[in-house]
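1. just to be clear, the model below is a prediction. Sequence and coordinates:
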Amino acid sequence: MSSPSTVSPVAEGLRRALPIVLGYVPVGFAFGVLAVKNNIPPSLAVAMAVLMFSGSGQFVFASLWGAGAGILSVIAAVFIVNLRYLLMSAAESPWLARLPRWQRFLLGLGLTDETFAVHITALQRGWKLSLTTLYLCNSTTHLAWVIGCAVGAFCGELVNDVRPLGLDYALTAMFLALLVPQCVSRLHVLVALFTAALSIALKAAGMSQWNVAVATILGASLGVLLLYARRGPGLKNPGAEQNAGTQAEHSDKPSAQPSEVRP
């Protein structure tokens, strides 16, 4: 990652968005194809991409819709799948809490697994908060998702199966590309390998759909336990000193400049 002082906010926003766009377009296309094959009108599929902007939620919706599930069952399933965004929002809150509520609302509209990964990684590495970078990355990836869904929905009848095109692996490849830069220590690598192995084992044991969620919770719990065992109960959070230093450095500035927010 380049130094934050040598990269413009616009260039940084586009840099963060690029790997996500490369994954969103083919996966969005696959969703559009699936939606049409499950009797979802193309216009509704595109509206979901614009308003819902949740890949896993949209795939769950399309699958349950095609299976004839009731509307309450669909709503409950999508709600449960998207509960993870509460945890992501909480993880970003130390950096975003001082922003005006309407700005946090707009940033929340663009929160996905992938944008969260690139933003939280940059913030944890000391990048100063730039609204231009955040908004540009979120907007670019959202546009790519909508375009992919629209092309798949309106041209989906031309494709019988997306697997020969490799589109079903695009989402997995994108997550791997986002995971590798976050494995900055042996503890991160250990937790990642443990979680992946556990998810595969649970899937092989017969657990469907919930294997990833269960493995993620257990893997994260293992990481926390190992971290505290290594650091000891008396040590502070690694990011606490950095946050405290940043607040002290800018304490004499007006509150209208939250956490050295760059335009």
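-> That came through, no problem.

2. so what's Ala35 up against?
-> Residues in contact with Ala35 (C-beta atoms under 8 Å, 6 or more residues apart in numbering) are Pro42, Leu44, Ala45, Met48, Gln58, Ala62, Cys149, Gly152, Ala153, Gly156. In short, each C-beta sits where N, CA and C put it, glycine included.

3. against Val212, how distant is the spatially most central residue of the chain?
-> The residue lying closest to the centre of the chain (C-alpha atoms, centre = their mean) is Asp113, at 1.2 Å. From Asp113 over to Val212 the distance is 11 Å, taken as C-beta to C-beta, to the nearest Å.

4. just Val78 next, same as before
-> According to C-beta to C-beta, Val78 stands 16 Å off from Val212.

5. tell me where this protein has helices.
-> Counting by DSSP state H, the chain has helices at residues 9-37, 42-51, 55-66, 71-81, 84-96, 101-109, 113-124, 131-155, 170-179, 186-204, 211-231, 240-249.

6. ok, which of the ones you listed comes nearest Pro164?
-> Among the helices of the chain, helix 9-37 comes nearest to Pro164, with 12.1 Å by C-beta to C-beta.

7. list the buried residues of the closest one.
-> Within helix 9-37, the residues scored as buried using 16 or more other C-beta atoms under 10 Å are 9, 12-13, 15-17, 19-21, 23-36.

8. what about that helix, distance to the chain center?
-> 12 Å (C-alpha atoms, centre = their mean, to the nearest Å).

9. please renumber so the chain begins at 11
-> Fine by me, first position is 11 from now on; the one you just mentioned is helix 19-47.

10. angle of that helix against helix 52-61?
-> Helix 19-47 and helix 52-61 are oriented at 150 degrees to each other (axes from the mean of the first three to the mean of the last three C-alpha atoms, to 10 degrees).

11. taking helix 141-165 as reference, get the angle to helix 19-47.
-> Counting by the same axes, to 10 degrees, helix 19-47 points 20 degrees away from the direction of helix 141-165.

12. let's test this: mean pLDDT of helix 19-47, rounded?
-> The average pLDDT for helix 19-47 rounds to 89.

13. shaky segments in this protein?
-> 11-15, 170-173, 175-185, 187-188, 219, 242-273 (pLDDT under 70).

14. go with 50
-> For the chain, residues meeting the criterion pLDDT under 50 lie at 11-12, 245, 247-270.

15. so what's the residue count around His152?
-> Neighbour count of His152, defined by other C-beta atoms under 10 Å: 20.

16. residue contacts, it?
-> Residues near His152 by C-beta under 8 Å, 6+ apart: Phe63, Gly120.

17. state the distance from it to Arg114.
-> 17 Å.

18. could you find the closest non-adjacent residue to Gln113?
-> With C-beta to C-beta, 6 or more residues apart in numbering as the criterion, Gln113 has its nearest non-adjacent residue at 6.8 Å, and that residue is Leu141.

19. got it, and Ala230?
-> Nearest residue to Ala230 in three dimensions, chain neighbours excluded: Val201, at 7.3 Å (C-beta to C-beta, 6+ apart).

20. and the gap between the residue nearest to Gln113 and Leu186?
-> Counting by C-beta to C-beta, the gap from Leu141 to Leu186 is 29 Å.

21. neighbour-wise, which of those two wins?
-> Each of Leu141 and Leu186 has its neighbours counted (other C-beta under 10 Å); Leu141 has more, 17 against 12.
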